[in-house]
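>>> give me coordinates for this.
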Amino acid sequence: MISSSGNSIFDLTTLSSSVSGGNASAIVDYYYDIGLSNLIPSPNQFNSTSNVIYSKVSVPGGCVASDSVILTVHPKPEFGNQILTGSVCAPNCINTGALINPLPWFLQEVIPFIMLMWFSVLHPNPYSMCTSDTVYMILETNTIPACRDTAEAYLAVMGGTNHIAGQDVNFNFSYCGTVGLNQFSLTDGQSRYLTNLHGLRQNGCDKG
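Predicted coordinates:
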């Protein structure tokens, strides 16, 4: 399908054997109209939407028969963006299927494939990517013939989610650790009044 126009290019000559019942001596022509007056001039490069055209089968001896041919143009899937990105902090993983947002309206007709470069190797687990990687995605319809679109996905799995030392993840607090007592005094002799500030630090946490 040519997505911008809703048309597709058909090679009608590939149907000729089926239309004529495999008769090698038959001549098959294709027409726009049921009256067989408007000949399709280039049946091997016929640009059309979903449509009905008409075939004429002529055999030696002058016998002729005709029938209708139904042409169906399937919608071409489109990612929207050809470059997709996703990022998480370890130990989380990325579901590459969730990167297709919004989901295509024809999703019920689409089989998503996530493959490595050149679409040659199927990825073993595309819905749980736990390391940084680049994957190549295919949206493919289950129609005959299959229609497809491709995109690249750049995945970044960054450093861990917890950068707080001594954190109790169950109760969500930090334990500062035992560092002893520390007293300090700040004295300002330049001002009119002498100002003293005493601080007490116990177990690494300020006490005042």
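>>> mind listing the helices in this structure by residue range?
For the chain, the helices defined by DSSP state H cover 16-19.
>>> what's the lengthiest strand in it in contact with?
In the chain, ranked by residue count with DSSP state E as the criterion, the top strand is strand 148-158. For strand 148-158, the external contacting residues (C-beta atoms under 8 Å, 6 or more residues apart in numbering) are 76-79, 81-90, 92-94, 96, 99, 114, 119, 129-141. Every C-beta, even on glycine, is put in place using the N, C-alpha and C of the backbone.
>>> give me that answer again for 7 Å
Defining contact as C-beta atoms under 7 Å, 6 or more residues apart in numbering, one finds that strand 148-158 is touched by 76-79, 81-90, 94, 96, 99, 129-140.
>>> distance of the closest residue to Leu15 other than its chain neighbours from Ser8?
Take Leu15 and drop its neighbours on the chain: the residue closest to it by C-beta to C-beta, 6 or more residues apart in numbering is Val69, 6.6 Å away. Applying C-beta to C-beta, to the nearest Å, the value for Val69 to Ser8 is 14 Å.
>>> same check, this time on Ala65
From Ala65 over to Ser8 the distance is 27 Å, taken as C-beta to C-beta.
>>> give the residue from those two that has the larger number of neighbours.
The neighbour comparison of Ala65 against Ser8 (other C-beta atoms under 10 Å) goes to Ser8, with 20 against 13.
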